[in-house]
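[1] Build me a model from this:
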Amino acid sequence: MTKVLKNIISFLLGSSFAYIFVWLSGVVVAMPVPEFLRPYKEFVVSYYPNILIVLFASILSLIIVLIVRKAFTLFTKQNLFYFTLPIVLFLASIFVFLSFAVAPIMYAAIPTLLVAVSLSNGAQKT
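    The predicted model follows:
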């Protein structure tokens, strides 16, 4: 597989993650808080969706990036750049036009970018 094709696939994967962030935020916010967490006054109910977004985004991105890494046989720094470019551009456009919607999407984007960076560093060292 040529480098150009790998970069295009990385760019398309990053673009699809921008959609996944919006979808994941909507799904998680619609989930009810479990009954066993409601009696705890220290636990603020508004933090529950954010915690779930971080957990689900990390697990989902880990699975997808590992599958892509198997297909590419190497997830390099150049692939990482083309993967993060649409995500960062999407976050910048959301910040400019819909600044109230940035926080839930950031809760999904940061774990995804951390997983991608850690897997690309692991690929470079081996």
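[2] got a list of contacts for stretch 32-43?
    V45, Y48 (Cβ atoms under 8 Å, 6 or more residues apart in numbering). For every residue, glycine as well, the C-beta is placed using N, CA and C.
[3] Report the distance from it to the chain centre.
    26 Å (Cα atoms, centre = their mean, to the nearest Å).
[4] same thing with stretch 5-21?
    Chain-centre distance of stretch 5-21: 11 Å, with Cα atoms, centre = their mean.
[5] go on, stretch 47-66?
    On Cα atoms, centre = their mean, the centre of stretch 47-66 falls 7 Å from that of its chain.
[6] buried set for that stretch?
    Applying a neighbour-count criterion of 16 or more other Cβ atoms under 10 Å, the buried positions in stretch 47-66 are 48-50, 52-54, 56-58, 60-62, 64-65.
[7] Contacts for it, please.
    Residues from elsewhere that reach stretch 47-66, judged by Cβ under 8 Å, 6+ apart: 13, 17, 20-21, 24-25, 28-29, 31, 33, 37, 75, 103-104, 107-112, 114-116, 119.
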